[in-house]
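1. Can you look at this prediction? I've put the sequence above it.
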Amino acid sequence: MSKQEASNIIHNLLPHLEAVNIPILNIRVDAATKKTSPLRGDVWISKEPSSSNKWEKNIIGLIEVKSKHTTVGSRDWNDAIRQGKLKAEYQELPYFVVTNTDTIWKYYRTKDAKEITLDGNPINSPLGLYDLGILFTQISVTKLNAKKDTALPERLYSEKEFQAALYQVKNVYRTCNIDDINSKIKTTITFVVLKYITEQESIHRTLDKNVMLWTDWRERNIERDIKATIEDIQRKSVYSDVAMQLGIDPALTSTHCAEIKRHLEKFQYSGCNFDLYGAVYESFADKNMKKEFGEYYTRRHIAKTLSELLMRGELAPRKLQVCDPACGTGGFLTEAYRILLRNYTGGGYFTTDVNDELKSKTFFGFDIKEANISLARINMCLAGDGHTNISVTPDSLITLEEEKYDYVLTNVPYGDYKGTANVDNFTYAQKKRYENLFLEKVIKSLKYGGRAVIVIPDGILESPSLEGYRMRMLAEVKIDAVISLHKYVFRPYTTEKTYALILQRRQKNEVAKKMNYDVFMYILENDGFQKGDKRYPIRENNIPDLLTNYKTLNCEAPHTFINTANINESNFHNLTPEFYLNYYEGEYQDVNMDEYKEMIERLKHLNNVLENPFAA
């Protein structure tokens, strides 16, 4: 496989597959199977995780990958068809796929390389596991078309279907009069985690064989069996620290538990591609709880985007230490884990040893709240593990080690600092503000050459009173990019105007030296959600533009490059994109549609009066 093809797989193909909810853990890239060896398929897709000894027996798809500029009928495309047909024959697959990872997807029957169809329609886009399973079971030497309506019941695990199932779970709680929101959330997460543990144990059993799991529960005694499972797992096991947070509401009977199990068991939670805990929380929490939750929660699409920008260059495994010193519920850590998993898988480097390294030695998270740490562990567990080094700290400003981490990803806490850290030890500024002290502490925690993405409030980057702070910071770091996040990004949790600062700590011999370089500035005008408290999905979204055109002049949203020579005393070393782009972010207001329609009717009436002032 060429470097270009490997890059296409990592940056284009795997995100497409994630978008249709194919777990990255189920994929192997540039690999030979027992049946195809020594021939290596570009991308194999299985119904089982790659760590399972059942992975190869459950392969249901092969994708041959060409460069983005390859077209149908070209020599490279025809070569991919020839290669795909041969490997699919050896693997005994009835079909295979060829794609340029961009605009062209073609599905071919293995027998004769004729294009196949689904429900009579050509297939021109990536398909999820369910649809691939239909092709696998229905395409044959005599059949070129597969039909969904003749397939087995659908086994979906997209976020949309998961939210629909949560709605049904809500109804169960209503029937047994459970009003405590925290209990609803805890109970739901308990079912999800126990299903996840069952999935993991089916791959490699670590628990005693007498421990009852999801598939062992007896319907008539299910609430007692669940409690027994939790107690057994809470004893010494690899899941003990996660299991300590589990439990079900005592008002639930066996009938209620069986119904909840039925709604949630069709989903596969191992390697899930969306924020399970966030989905549960959004479904059950009220407005006040969400506001409190927002202090510790970075919206997942923002965490995912910023993690991608920071870590997209980590393509081959190496010993890394990745940290979030204010991890909250673990959003940045789970996204960083997924990006490394995708990159290593896409490069064909993912092995058991690499997986063990990611799980136990790579990720570190700290928070002052035990409840947040519990949720972060659960989130990391559901993402694929990596929760070993997530722990409570009395104060990261005191305990965070210096010169330790290769990457730091964090959303710093804001407000007056009332802790016991000695602010005299901070050199950027001795002002007792969390955000000021935390940013400096993050930079000092990086190894020389280490990189970070930090979400910070606007004052640090533009306040004239903090010019000295910015100058001292600029002497120690190289700013890669400043991304302006519009003021509604974290609504309804907070109204704080924020920026994402992407930086690299200078090498020791570069500190305080004058360096001229260009800083990429970008204004994220839209993030795919409404600018208001409701934050429903909308079409306008600059995130794909940012990911595709990062640090180029091809961006559609307002952007520029500013040389550090132009960041100086004349502008108080201002680091905000708005300053250099002369940009003003207008105010938006939620509109009541009934009031809006009434206003329109009044305006129409007024217009009629003006046009016909003497009409009866």
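-> Sure thing, it's come through.

2. And residue 452, how far from residue 505?
-> Applying C-beta to C-beta, to the nearest Å, the value for residue 452 to residue 505 is 8 Å. All C-beta atoms are positioned from the backbone trio N, CA, C, and that covers glycine.

3. Now list whatever residues contact both of these two.
-> Common contact partners of residue 452 and residue 505 (C-beta atoms under 8 Å, 6 or more residues apart in numbering): 443, 446.

4. Which strands border the longest strand along the chain, and is each parallel or antiparallel?
-> When the chain is parsed with DSSP state E, its longest strand is strand 446-457. Here strand 446-457 has these sheet partners by DSSP bridges: strand 405-411 (parallel), strand 498-505 (antiparallel).

5. next SSE after the longest one?
-> Note on strand 498-505: by DSSP states H and E, the next helix or strand toward the C-terminus is strand 518-524.

6. any idea where the helices of the stretch 301-450 of the chain begin and end?
-> Ranges of helices in the stretch 301-450 of the chain, per DSSP state H, counting those that start in this stretch, are 331-346, 352-357, 370-383, 396-399, 434-445.

7. Strands of the stretch 501-616 of the chain, residue ranges please.
-> For the stretch 501-616 of the chain, the strands defined by DSSP state E, counting those that start in this stretch cover 518-524, 527-529, 537-541, 559-563.

8. nearest to residue 266, of the ones you listed?
-> strand 537-541 (24.3 Å; C-beta to C-beta).

9. Show me what that closest one is in contact with.
-> Applying C-beta under 8 Å, 6+ apart, the set of residues contacting strand 537-541 is 525, 526, 527, 528, 529, 530.

10. buried sites along that strand?
-> Buried residues in strand 537-541, counted by 16 or more other C-beta atoms under 10 Å: residue 541.

11. and that strand with strand 518-524, angle?
-> Relative orientation of strand 537-541 and strand 518-524, computed by axes from the mean of the first three to the mean of the last three C-alpha atoms, to 10 degrees: 150 degrees.

12. Give the pairing partners of strand 537-541; include direction for each.
-> strand 527-529 (antiparallel).

13. so how far is the strand it pairs with off the chain centroid?
-> Distance of strand 527-529 from the chain centroid (C-alpha atoms, centre = their mean, to the nearest Å) equals 15 Å.

14. Mind listing what's buried along that strand?
-> 527, 529.

15. just stretch 451-458 next, same as before
-> 451, 452, 453, 454, 455, 456, 457, 458.

16. Which strand residues bridge the first one?
-> This points to residue 451. Going by DSSP bridges, residue 451 is paired in beta bridges with residue 407, residue 504.

17. Pull the contacting residues for it.
-> 310, 406, 407, 408, 480, 502, 503, 504, 505.

18. Now do residue 47: how many residues are near it, please.
-> Residue 47 has 20 neighbouring residues, counting by other C-beta atoms under 10 Å.

19. Repeat that for the one 10 residues further on.
-> Number of residues near residue 57 (other C-beta under 10 Å) recorded here: 11.

20. part of a helix, is it?
-> Yes - counting by DSSP: H, G, I helix; E, B strand; the rest coil, residue 57 falls inside a helix.

21. Leaving out chain neighbours, which residue sits closest to residue 354?
-> residue 317 (4.8 Å; C-beta to C-beta, 6 or more residues apart in numbering).

22. list the contacts for the one you found?
-> Taking C-beta under 8 Å, 6+ apart, we find residue 317 in contact with 344, 349, 354, 357.

23. ok, of these, which come out buried?
-> 344, 354, 357.

24. Just put those residues in CSV and tack on distance to residue 266 and pLDDT.
-> Below are the buried ones among the contacts of residue 317 laid out as CSV (distance: C-beta to C-beta, whole Å; pLDDT from 0 to 100):
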residue, distance to residue 266, pLDDT
344, 29, 91
354, 31, 90
357, 33, 91
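
25. Would you reformat the residues you listed as JSON lines and include distance to residue 200?
-> What follows is the buried ones among the contacts of residue 317, written out as JSON lines (distance: C-beta to C-beta, whole Å):
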{"residue": "344", "distance to residue 200": "20"}
{"residue": "354", "distance to residue 200": "18"}
{"residue": "357", "distance to residue 200": "18"}
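
26. what's the closest of the helices of the stretch 301-450 of the chain to residue 168?
-> helix 370-383 (20.3 Å).

27. about what we covered before: just the strands paired with strand 446-457: most buried one?
-> Ranked by mean neighbour count, the strands paired with strand 446-457 are led by strand 405-411 with a mean of 25 (mean count of other C-beta atoms under 10 Å).

28. Let's see that strand as PDB, backbone CA atoms only.
-> Output of strand 405-411 as PDB, limited to C-alpha atoms (Å, rounded to 0.1, in the frame of the first residue of the first chain):
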ATOM      1  CA  TYR A 405       3.200  14.900  28.600                       C
ATOM      2  CA  ASP A 406       3.400  14.700  24.900                       C
ATOM      3  CA  TYR A 407      -0.100  16.000  24.400                       C
ATOM      4  CA  VAL A 408      -2.500  17.900  26.700                       C
ATOM      5  CA  LEU A 409      -6.100  18.500  25.700                       C
ATOM      6  CA  THR A 410      -8.300  20.500  28.100                       C
ATOM      7  CA  ASN A 411     -11.100  23.000  28.600                       C
END
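
29. Now do the SS call for the nearest residue to residue 101 once chain neighbours are set aside.
-> Leaving aside its sequence neighbours, residue 101 sits nearest to residue 12 (C-beta to C-beta, 6+ apart; 3.8 Å). With three-state DSSP as the basis, residue 12 sits in helix.

30. How many residues are close by residue 12?
-> There are 17 residues near residue 12, going by other C-beta under 10 Å.

31. Quick check: it touching residue 99?
-> No - taking contacts as C-beta atoms under 8 Å, residue 12 lies outside contact range of residue 99: 9.0 Å.

32. Number of residues surrounding residue 204?
-> Residue 204, neighbours per other C-beta under 10 Å, totals 10.

33. Tell me who's in contact with it.
-> Going by C-beta under 8 Å, 6+ apart, residue 204 touches 51, 52.

34. change it to 10 Å
-> Taking C-beta atoms under 10 Å, 6 or more residues apart in numbering, we find residue 204 in contact with 49, 51, 52, 53.

35. Residue 498 too?
-> Counted by C-beta under 10 Å, 6+ apart, residue 498 has contacts 298, 302, 411-412, 414, 455-458, 461, 483-487, 489-490.
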